[in-house]
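>>> Give me coordinates for this.
(chains A and B)
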Amino acid sequence: MSIARLLVREILHRKLNFLLGTLAATLAVGLIVSALTMSAAADLEIKRLMRNMGFNLVIVPKDTNMEDFWAKDFAESDMPEEYVRTLSGSPEIQAEHYVAILKKRVKWNDRQILLCGLLPEIGNAGKARKDAMGYIIECGTVYIGFEIARNLGLKSGQRIELLGREMEIVRCLGESGSKDDITIFAHLHDAQEILGMKGRINEIKALGCLCFGKRVGTIREDIARKLPDTRVTEFESIAIARAETRAMMEKYAAFFAPLVLIVCAAWIGVLALLNVRERRVEIGVLRAIGSGTGRIAVLFLGKAALIGALGGALGFALGTGLALRYGPEIFRLTAAKITPIYDLLWWSLAASPFVAALSSAIPTMIAVTQDPAATLTEQ
Amino acid sequence: MIRLENASKVYKTHRGEVRALDGVSLEIEEGEFTVIRGPSGSGKSTILMCAGGMARPTSGKITVCGKDLYTMSPGDRAHFRAQNVGFVFQMFHLVPYLTALENAMLPLLAANTNGGRGEAERLLDHFGMSGRKSHKPAELSAGERQRVAMARALLNKPRLLLADEPTGNLDPENTRQIMDYLAEFHRGGGTVVVVTHANQAEEYARRVLVLRDGRIESETRRPAQ
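Numbering: from 1, shown residues only, chains lettered A, B, ... in the order given. Okay, here's the model as predicted:
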């Protein structure tokens, strides 16, 4: 007769207790695994949604009159185009998605329009970003604002002459309700040539750090240190909303996972307690025939560990299945990020038995300290 | 074999203290067959549990086989029980999910050995349980259950057998059989202490103690036959 045999026989005898325990462990592991499996997609999805709120940093030449800037939507002064590379090549500055801009009001086809030259976005390692927040415009092409296109009857594919330079319309933009509707967007270098301002820009837009606590004050100081003749303005509400949303999601995850764990561990603990109460006589007999407290503890902790191991394996399958089945419906933009994380299986198989055994520690203590004489002499 | 020196046992309950044993001094020689009688609550079962190393007396000293039981560590006391003491209970206390054979083999768990299956089968055969070894307790009669409990108690060849009302739930025929098995163990040199209400048990005993209110009220010795 071995402990393993006794353990298996008892489990087969009290199937419901074992199944309910395994269910608790399975649910706990399953919920946590599904949350972790979807977390990469969730993070990215939130980033994208937040990013869609737009750039939150504007860098202009230091002598810019900000009243004029907000009235006209562009700065009269200019600065070297290299500044954008200086910033993007400075890892200490917590910003991303740098866009160099040259924007001026011009007269075209008897109307006042804004000409906006954009350089494709670059990341903070100085490399072009594929996941651009704004437009990526090729040289020789333009995007036409809604009002201009409507009023002049312009269509995609048409060629136009823009202040002496022939360009192809690749896109007529939808109505934005902003100055974009009266803007023609071109590649920065085309705009510089048209405006006779080669190598110059008058604005850099960027996406400031999303980390809560790393506020714009720090970024301003960092940029001022790097480019002393610039002025930094932050769209604070966007930055705060972005940071607070991320912080809230992190807090929610930090609250949710332990809560699930505690509830399910308590569930296993209560089942273990019921099991101990049901087996009082058996424990008394084992003590009477000379079994030490260690062996009796192994019986209960072993059962809990077995429940945990089985729950860990089933929970991994359940959690991964749920994430793969429902994740893509929840996170539509980043569904491709939802893939099984096989490392979680090993974590589940290690952590779940440990937590289950821990949750059975008090019932086990009760089992090994109960008075066997009192139980065995009950008639 | 067993020596109780001024042993007292007090249980604390929500209604107050209950003095189950009140300064009992007693000596039982090796090879004796002793019956302890007395009304309910007189302390009969408590003496048995104290002598078996299962209940620490509140005061006094208990020596079994020359060992002061309650100066030993719990682990050593458990080991001592596994080596020297067998228990039989009125309610049989078999493990419900094990077969008769597995119940009889249960002491092997404490001994941490895989051997002993042959001895368990031999004991069950001896007790007339040949065809019932694979049955679970729920499928056995009361007499059969007690015979399995006897086999479990005797598997490790103990020197001392402590039986608490072993025939309390049995009919006269089974009572006689169980008492015969206890007597057989005694004839083989074992020491038997039986707590019982049954008059029949006294036929087997050389010594009868009567307990009342936790004290020995009277003692009768019979000459060996």
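>>> Averaged pLDDT, whichever strand or helix holds A:Ala100. What do you get?
Using DSSP states H and E, A:Ala100 sits within strand A:95-108. Averaged across strand A:95-108, the pLDDT comes to 90.
>>> and if you look at stretch B:187-194?
Here the average pLDDT along stretch B:187-194 is 94.
>>> Now do that stretch: everything it contacts.
B:1-2, B:28-36, B:48, B:51, B:158-163, B:166, B:182-183, B:185-186, B:201, B:205 (C-beta atoms under 8 Å, 6 or more residues apart in numbering or on different chains). All C-beta atoms are positioned from the backbone trio N, CA, C, and that covers glycine.
>>> try 7 Å this time
Here stretch B:187-194 makes contact (C-beta atoms under 7 Å, 6 or more residues apart in numbering or on different chains) with B:1, B:28, B:30-36, B:48, B:51, B:159-163, B:166, B:182, B:185-186, B:201.
>>> got the buried residues for the strand holding A:Ala100?
Buried residues in strand A:95-108, counted by 16 or more other C-beta atoms under 10 Å in any protein chain shown: A:95-104, A:108.
>>> Could you save the residues you listed as TSV and add columns showing distance to A:Ile11?
Shown next, in TSV, are the buried residues of strand A:95-108 (distance: C-beta to C-beta, whole Å):
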residue	distance to A:Ile11
A:Ala95	58
A:Glu96	55
A:His97	57
A:Tyr98	62
A:Val99	64
A:Ala100	68
A:Ile101	69
A:Leu102	75
A:Lys103	74
A:Lys104	79
A:Trp108	82
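>>> and which of these is nearest chain B?
Set against chain B, the nearest of the buried residues of strand A:95-108 by C-beta to the nearest C-beta is A:Glu96 (63.6 Å).
>>> In contact with the closest residue in space to the closest one that isn't next to it in sequence, which residues?
Spatial nearest neighbour of A:Glu96, excluding adjacent residues (C-beta to C-beta, 6 or more residues apart in numbering or on different chains): A:Leu207 at 4.8 Å. By C-beta under 7 Å, 6+ apart, the residues touching A:Leu207 are A:51, A:55-57, A:95-97, A:133.
>>> Closest one to A:Asn17 out of those, please.
Taking C-beta to C-beta as the measure, A:Asn17 sits nearest to A:Arg51 out of those, at 50.5 Å.
>>> related to what we said a few turns ago, now do the one helix or strand the residue nearest to A:Glu96 maps to: distance to the chain's middle.
Per DSSP H and E: A:Leu207 is located in strand A:203-208. Computed by C-alpha atoms, centre = their mean, to the nearest Å, the chain-centroid distance of strand A:203-208 equals 21 Å.
>>> List the buried residues of that strand.
A:203-208.
>>> can you list the weak-confidence ranges in the chain?
I went with chain A, as the question did not name one. Residue ranges of chain A with pLDDT under 70: A:50-53, A:124-132, A:209-217, A:236-240, A:242, A:378-379.
>>> Chain B, not that one
For chain B, the stretches with pLDDT under 70 are B:112, B:114, B:224-225.
>>> Those residues of it touching chain A, which are they?
B:45, B:49, B:54-55, B:74-75, B:78-79, B:81-82, B:87, B:89-91, B:93, B:95-98, B:102, B:105-110, B:114, B:164 (C-beta under 7 Å from any C-beta of the partner chain).
>>> tell me what the strand holding A:Ala100 is packed against?
Helices and strands touching strand A:95-108, by 3 or more C-beta pairs under 7 Å, 6 or more residues apart in numbering or on different chains; DSSP states H and E, are helix A:82-88, strand A:111-118, helix A:188-195, strand A:200-201, strand A:203-208.
>>> any idea which of the ones you listed is most buried?
Most buried of the helices and strands packed on strand A:95-108 by mean neighbour count (mean count of other C-beta atoms under 10 Å in any protein chain shown) is strand A:203-208; its value is a mean of 25.
>>> Only the buried residues of the next helix or strand after it, if you could.
Using DSSP H and E, the helix or strand that directly follows strand A:203-208 along the chain is helix A:216-226. Within helix A:216-226, the residues that qualify as buried by neighbour count (16+ other C-beta under 10 Å) are A:216, A:219-220, A:222-223.
>>> All the strands of chain B, in order from the start?
Taking DSSP state E as the criterion, chain B contains strands spanning B:2-13, B:16-28, B:33-37, B:59-64, B:67-68, B:85-89, B:160-164, B:191-195, B:207-212, B:215-221.
>>> The shortest one pairs with which strands?
Neighbouring strands of strand B:67-68 in its sheet, by DSSP bridges, are strand B:59-64 (antiparallel).
>>> Identify all contacting residues around the partner strand.
Contacts to strand B:59-64, defined as C-beta under 7 Å, 6+ apart, come from residues B:1-8, B:50-51, B:68-70, B:160.
>>> what does stretch A:359-366 give?
A:265-266, A:268-269, A:272-273, A:276, A:297, A:300-301, A:304.
>>> Dump those to a markdown table, plus neighbour count, distance to A:Ile32 and secondary structure.
Formatted as a markdown table, the contacts of stretch A:359-366 follow (neighbours: other C-beta atoms under 10 Å in any protein chain shown; distance: C-beta to C-beta, whole Å; DSSP: H, G, I helix; E, B strand; the rest coil):
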| residue | neighbour count | distance to A:Ile32 | secondary structure |
| --- | --- | --- | --- |
| A:Ala265 | 20 | 12 | helix |
| A:Ala266 | 12 | 16 | helix |
| A:Ile268 | 28 | 15 | helix |
| A:Gly269 | 20 | 18 | helix |
| A:Ala272 | 27 | 21 | helix |
| A:Leu273 | 16 | 24 | helix |
| A:Val276 | 22 | 27 | helix |
| A:Ala297 | 16 | 27 | helix |
| A:Phe300 | 25 | 25 | helix |
| A:Leu301 | 20 | 22 | helix |
| A:Ala304 | 28 | 18 | helix |
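>>> which residue packs closest to B:Ser42, ignoring adjacent ones?
Per C-beta to C-beta, 6+ apart, closest to B:Ser42 is B:Leu211, 4.2 Å.
>>> Same question for B:Ser134.
Closest to B:Ser134 by C-beta to C-beta, 6+ apart is B:Thr99, at 5.0 Å.
>>> Might one say that that neighbour is in contact with B:Glu139?
No: the pair B:Thr99 and B:Glu139 does not pass the contact test of C-beta atoms under 7 Å, sitting 9.2 Å apart.
>>> how much distance is there from the helix or strand A:Ala241 falls within to the middle of the chain?
Applying DSSP H and E as the criterion places A:Ala241 in helix A:236-278. Distance of helix A:236-278 from its chain centroid, counting by C-alpha atoms, centre = their mean, is 18 Å.
>>> how far off helix A:216-226 does it point, in degrees?
Angle, helix A:236-278 to helix A:216-226, by axes from the mean of the first three to the mean of the last three C-alpha atoms, to 10 degrees: 130 degrees.
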